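Novice: Okay, here's the prediction I keep looking at, along with the sequence it came from:
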Amino acid sequence: MKVSKILVSQPKPTTEKSPYFDIAEKHKVQIDFHSFIKVEGLTAKEFRQQKVSIPGHTAIVFLSRHAIDYFFTLCKDLRVTIPDDMKYFCLSETISLYIQKYVQYRKRKVFSVNGHIKDLEPLFVKHKNERYFVPTANSQNEELISMFEAHGIAHSHAEMYRTVSNDFEPGFIDPYDMIIFFSPYGIDSLKK
């Protein structure tokens, strides 16, 4: 079977230097882009219903840049002031650098690992007396929660944003020979 049309379940790259364009030219295929999912934040009212007090925590765990954006947006909407001594634990260095968009970056209060949740465990054990808050999407991270519970570390989490399906017409995918997914949420969106 010859592949001539490919659908990528992400937004179109913003620069022409994307490898997708090189692949399309090299293999003479048409590559189209359509995001199957979108991320939207909760309203302040929706967040308040979870009855979580952000100022009652001394450390925040960020697993994505979306978590950072929606956390600080909700804090602004709720008029919550983040103390200067708040500690931030990040899943990757990219995420930890992204925090600079919202707070003054200080090495002593921002910690990151190489992208694996299990690598956060030694940091949590070292900072066992912190009260951790984890802003999440519409699903909990069971691995992270069990890690906290195994070490008796005070923590709470709350949904601050959600991943929802992007709408598209029935038959939209019919002309494509191949669909490339980057997340299980994209597959769920296609099923819906």
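Specialist: Alright, I've got the coordinates.

Novice: who's in contact with the strand or helix carrying residue 123?
Specialist: Element membership of residue 123, judged by DSSP states H and E, is helix 121-126. Helix 121-126 is contacted from outside by 89, 111, 113, 132, 147, 148, 151, 153, using CB atoms under 8 Å, 6 or more residues apart in numbering. Glycine gets a C-beta too; all of them are placed from N, C-alpha and C.

Novice: rerun at 6 Å
Specialist: 89, 111, 147, 151, 153 (CB atoms under 6 Å, 6 or more residues apart in numbering).

Novice: Then stretch 156-176?
Specialist: Under CB under 6 Å, 6+ apart, the answer for stretch 156-176 is 5, 7, 35-39, 41-42, 50, 52, 66, 70-71, 74, 133-138, 185, 189, 192.

Novice: filter those residues to the buried ones?
Specialist: 7, 35-37, 39, 41-42, 52, 66, 70-71, 74, 133-137, 185, 189 (16 or more other CB atoms under 10 Å).

Novice: Looking at neighbours, which among the contacts of helix 121-126 is most surrounded?
Specialist: residue 89 (23 neighbours; other CB atoms under 10 Å).

Novice: just checking, what packs against the strand or helix carrying that residue?
Specialist: Using DSSP H and E, the element containing residue 89 is strand 87-90. On a contact count with 3 or more CB pairs under 6 Å, 6 or more residues apart in numbering; DSSP states H and E, strand 87-90 meets strand 59-62, strand 110-112.

Novice: Which one, of those strands, ends up nearest to residue 78?
Specialist: strand 59-62 (14.5 Å; CB to CB).

Novice: got the contact list for the closest one?
Specialist: In contact with strand 59-62 (CB under 6 Å, 6+ apart) are residues 68, 87, 88, 89, 90, 95, 130, 132, 133, 134.

Novice: now with 7 Å?
Specialist: Outside strand 59-62, the residues that touch it by CB atoms under 7 Å, 6 or more residues apart in numbering are 68, 71, 86-91, 95, 127, 130-134.

Novice: about what we covered before: output the helices and strands packed on strand 87-90 in a markdown table, with distance to residue 166 appended to each entry.
Specialist: Output for the helices and strands packed on strand 87-90, formatted as a markdown table (distance: least, CB to CB, whole Å):
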| stretch | distance to residue 166 |
| --- | --- |
| strand 59-62 | 24 |
| strand 110-112 | 31 |
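
Novice: least reliable of those going by mean pLDDT?
Specialist: For the helices and strands packed on strand 87-90, mean pLDDT drops lowest on strand 110-112, to a mean of 91.
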